[in-house]
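Engineer: The following block contains a protein sequence and its predicted model.
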Amino acid sequence: MSLHLFARSRVALGLAAVLWSLVAVGAEAVPSPLSLEAAVRQGLTHAPLLESRQLTLDAMREEAVRAGRLPDPTLTTGLANFPVTSPGAFSLTSDSMTMRTLGVTQALPSRAARQAERRLADAQIDAAEADHVATVQTVQERIADAWIEVWAAEQARMQLDALREESALATRLTEARLRGGTGNAADPLAARSEAAALANRVTAIEADLAAARASLARWLPDAPSTLADAPDFGQLPVPTEQLQRRIDQQASMQTWQAREKVAEAVLEQARASKHPDWSIGLTYGQRARGLSDMVMVEVGVSLPLFTRNRQDRSISAKQSQWDAVQADHEDARRAQQEAISRALAVWQGWGTQIQQYRDHLLPLARDRAATALAGYRGGGELDPWLQARRDEIELRLAYVNALASRARLWAAMAYLLPSETTP
């Protein structure tokens with residue numbers, strides 16, 4: 001008896017293990033819902049645009065290694081003092097000064113010029129890094145917008161799906177009253193027409209949802225079809241006072257300080273052109289047999305003597321360009337300050353409207369339609385319900401539009417400042 005019970009327990013344990021493994025495999029096969037945070041994080045990992053910016057930054061760093069270094073030397077070879085007229089024309093031995101020459105020349109740009117070139121290379125790297133950070137923040141916002149577009153379409157579909165049952169009920173009521181002899185023959189047609197119009201609106205939303213999923217697939221090709229709950233779009237992850245105070249660190253402003261550094265480095269490079277450049281050359285001359293060979297050393301220097309219409313003009317132009325960049329930076333700062341203030345005001349306004357929809361408008365519209373349908377059930381007319389129904393549909397879609405508009409503004413401000421996870 002004990003052996004029989006032991007065998008049965010072994011079989012039961014084996015079946016339990018098999019069932020548990022099947023449940024585990026099924027759980028792994030079903031992808032988890034995609035949250036907004038996960039979408040942004042995964043999208044950054046697979047964004048070709050960010051890879052392009054990183055490669056550009058790598059190229060800048062490679063170029064910066066050779067900045068400020070001496071140019072390559074120049075190797076020369078030839079004939080010197082070669083006679084071309086009689087006596088002894090075209091002879092390598094008729095004149096004792098004729099020799100074969102081999103020389104090397106090294107240009108020596110001024111120290112100021114080489115330092116300016118290094119500063120310009122460093123400034124260009126800073127500009128590329130700032131552009132990379134700004135691109136990361138922009139990509140985050142675009143991924144969030146794609147996720148919000150899918151979420152908004154799902155919200156619209158959910159709002160209209162909630163009205164399908166009432167449409168079916170209205171159709172049944174009109175047909176029942178018509179069979180009972182108390183209804184109007186046009187009422188069933190009107191009810192079915194309203195149900196068809198609702199189905200048509202849902203079909204249009206389904207098309208919008210498919211288009212939104214295509215936009216999200218640009219950033220997440222393997223994104224799951226189910227979205228997780230949305231974050232609280234009524235609460236910014238960054239305090240509003242930081243958004244208004246840290247203007248220069250925001251995505252669209254990231255590159256301005258780097259542009260100023262580049263313009264300043266270009267100005268320093270123009271100023272360095274007033275410093276003389278040097279060169280040194282060594283030439284070895286081989287003469288005919290029996291005659292001594294010769295060596296010639298040359299030192300050259302540029303003479304920036306007439307700078308008024310040359311170097312000074314370039315310096316003046318680069319100074320104006322630097323001043324222009326600074327002025328543009330200040331204008332961009334003011335424009336960004338205005339954009340943030342406007343976005344905050346509109347975002348808060350959408351929040352107030354959404355609360356009005358939830359607390360008053362949507363409940364009133366629902367009660368109006370339900371009351372009108374109840375009145376029809378009690379022997380009234382169908383037109384009040386039809387009108388209430390159309391108004392409720394438009395109100396629900398307007399509510400979803402308010403949700404989406406606030407969410408997009410949330411995304412536009414949530415990713416303005418670099419976070420600790422920004423690459």
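Structural biologist: Here it is on my side, so go on.
Engineer: which residues of the protein fall in helices?
Structural biologist: Using DSSP state H, the helices of the chain run over 2-29, 36-45, 48-65, 111-161, 164-180, 186-219, 240-245, 254-272, 311-356, 362-377, 383-414.
Engineer: Compute the inter-axis angle for the last one and helix 111-161.
Structural biologist: It refers to helix 383-414. Here helix 383-414 runs at an angle of 160 degrees relative to helix 111-161 (axes from the mean of the first three to the mean of the last three CA atoms, to 10 degrees).
Engineer: per-residue pLDDT, the closest residue to Ala332 other than its chain neighbours?
Structural biologist: Leaving aside its chain neighbours, Ala332 sits nearest to Trp256 (6.0 Å; criterion: CB to CB, 6 or more residues apart in numbering). No exception for glycine: its C-beta is placed from N, CA and C like everyone else's. On pLDDT, Trp256 comes in at 91.
Engineer: Same question for Ser32.
Structural biologist: Model confidence at Ser32, given as pLDDT, is 87.
Engineer: Ok, Val295 next?
Structural biologist: 93.
Engineer: do you know how far it is from Thr283?
Structural biologist: Distance, Val295 to Thr283, using CB to CB, to the nearest Å: 7 Å.
Engineer: Also Gln348?
Structural biologist: Using CB to CB, Gln348 is found at 79 Å from Thr283.
Engineer: quick one, which of those two is more surrounded?
Structural biologist: More crowded of Gln348 and Thr283, by other CB atoms under 10 Å: Thr283, with 19 against 14.
Engineer: Identify the bridge partners of the more buried one.
Structural biologist: Gly103, Met296 (DSSP bridges).
Engineer: List the residues that contact it.
Structural biologist: For Thr283, the contact set (CB atoms under 8 Å, 6 or more residues apart in numbering) comprises 76, 101-103, 295-298.
Engineer: Neighbour count says what about the residues you listed? Which are buried?
Structural biologist: Applying 16 or more other CB atoms under 10 Å to these, the neighbour count classes 101, 103 as buried.
Engineer: Tell me the one of the contacts of Thr283 nearest Ala372?
Structural biologist: Thr76 (100.4 Å; CB to CB).
Engineer: mind checking pLDDT for that closest one?
Structural biologist: Model confidence at Thr76 (pLDDT) stands at 92.
Engineer: Around Ala112, how many other residues sit close by?
Structural biologist: Using other CB under 10 Å: Ala112 sits among 16 other residues.
Engineer: Likewise for Pro276?
Structural biologist: By other CB under 10 Å, 16 other residues sit near Pro276.
Engineer: Test my guess that the residue nearest to Ala332 contacts Glu330.
Structural biologist: No: using CB atoms under 8 Å as the test, Trp256 is too far from Glu330 to be in contact (9.2 Å).
Engineer: Counting neighbours, go ahead and name the busier of those two.
Structural biologist: A count of neighbours by other CB under 10 Å puts Trp256 above the other of Trp256 and Glu330, at 22 against 11.
Engineer: residues touching the more buried one, list them.
Structural biologist: Applying CB under 8 Å, 6+ apart to Trp256 gives the contacts 248, 325, 328-329, 332-333.
Engineer: From Thr203, how far out is Ser193?
Structural biologist: In terms of CB to CB, Ser193 sits 15 Å off from Thr203.
Engineer: ok, these two, which is more surrounded?
Structural biologist: Using other CB under 10 Å as the criterion, Ser193 and Thr203 rank with Ser193 on top: 13 against 10.
Engineer: Near Tyr357, how many other residues are there?
Structural biologist: Considering only other CB under 10 Å, Tyr357 is surrounded by 19 other residues.
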